[in-house]
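Q: I'll drop the sequence and a predicted model, then ask my questions.
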Amino acid sequence: MKKALLLLTLVFASLQVNAKDLDNKFYLGGEGLINMYTSYTVPGASILGGYRWNEFSAEVGFTKLTNDDWGQGLKFKSNNIFADVIYTQPLYDKLEFKGLVGLGLFHTKVYNTSDSLTWIYQHGKNETDLGVRAGIGLQYQIAPKWTADFTYKFQTNCNTFIGYMNIFSVGVRYYL
């Protein structure tokens, strides 16, 4: 039993990797997210890629939100193209704090399928707005080339109706 415990300890110790092993590498990843507007939420997913230099990273990505139906014939389709600069600060071994700032190009297509709402975009409307993004989160290295994170982001200028959104995401990244 002692030998098995010693062997497990050695294996676990060999898997302990410092987050510094992720420096100066490209990465690819994805996120599942919840976008919270003023009074409702819309789920979505993101694909992203970036490069990490020591504690800084540059990241770009694309988010597709699920189609949203406000009822009474008003429907939305939205997506977001973003570019962020991320700062990471080690907290403990493989756990890091992360902060980000960036820009997001939010595109919305509004469909009006009801005669009772003709005063709102009678034939539909495309709207694209550039907004500022900021966020904080935690990132944990789950394996030598993999991280998982939880991040809160705030983005301005989403569209005329919404104005801004709060984004809560859970993601993974693979370092090449």
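A: Here it is on my side, so go on.
Q: quick check: next helix or strand after the helix or strand of the chain with the lowest mean pLDDT?
A: One helix or strand of the chain scores below all others by mean pLDDT, DSSP states H and E: helix 2-15, with a mean of 48. The helix or strand immediately downstream of helix 2-15 is strand 25-36, counting by DSSP states H and E.
Q: show me what that next one is packed against.
A: Under the contact criterion of 3 or more Cβ pairs under 8 Å, 6 or more residues apart in numbering; DSSP states H and E, strand 25-36 touches strand 41-53, strand 56-65, strand 164-175. (Each C-beta comes from the backbone N, C-alpha and C, glycine too.)
Q: could you export that strand as PDB, CA atoms only?
A: Provided in PDB are the C-alpha atoms of strand 25-36 (Å, rounded to 0.1, in the frame of the first residue of the first chain):
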ATOM      1  CA  LYS A  25       2.900  30.000 -27.400                       C
ATOM      2  CA  PHE A  26       0.000  30.100 -29.700                       C
ATOM      3  CA  TYR A  27      -3.300  28.700 -28.500                       C
ATOM      4  CA  LEU A  28      -6.800  27.800 -29.800                       C
ATOM      5  CA  GLY A  29      -9.900  27.500 -27.700                       C
ATOM      6  CA  GLY A  30     -13.600  27.800 -27.200                       C
ATOM      7  CA  GLU A  31     -16.100  29.100 -24.700                       C
ATOM      8  CA  GLY A  32     -19.700  28.500 -23.800                       C
ATOM      9  CA  LEU A  33     -21.300  31.700 -22.600                       C
ATOM     10  CA  ILE A  34     -24.400  33.400 -21.200                       C
ATOM     11  CA  ASN A  35     -25.100  37.000 -22.400                       C
ATOM     12  CA  MET A  36     -27.200  39.000 -20.000                       C
END
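Q: buried stuff in that strand?
A: Along strand 25-36, these residues count as buried under the neighbour rule (16 or more other Cβ atoms under 10 Å): Y27, G29, E31, L33, N35.
Q: before we move on, back to that, tell me the most buried of the helices and strands packed on strand 25-36?
A: strand 164-175 (a mean of 19; mean count of other Cβ atoms under 10 Å).
Q: so which elements touch it?
A: Contacts defined by 3+ Cβ pairs under 8 Å, 6+ apart place strand 164-175 against strand 25-36, strand 41-53, strand 146-156.
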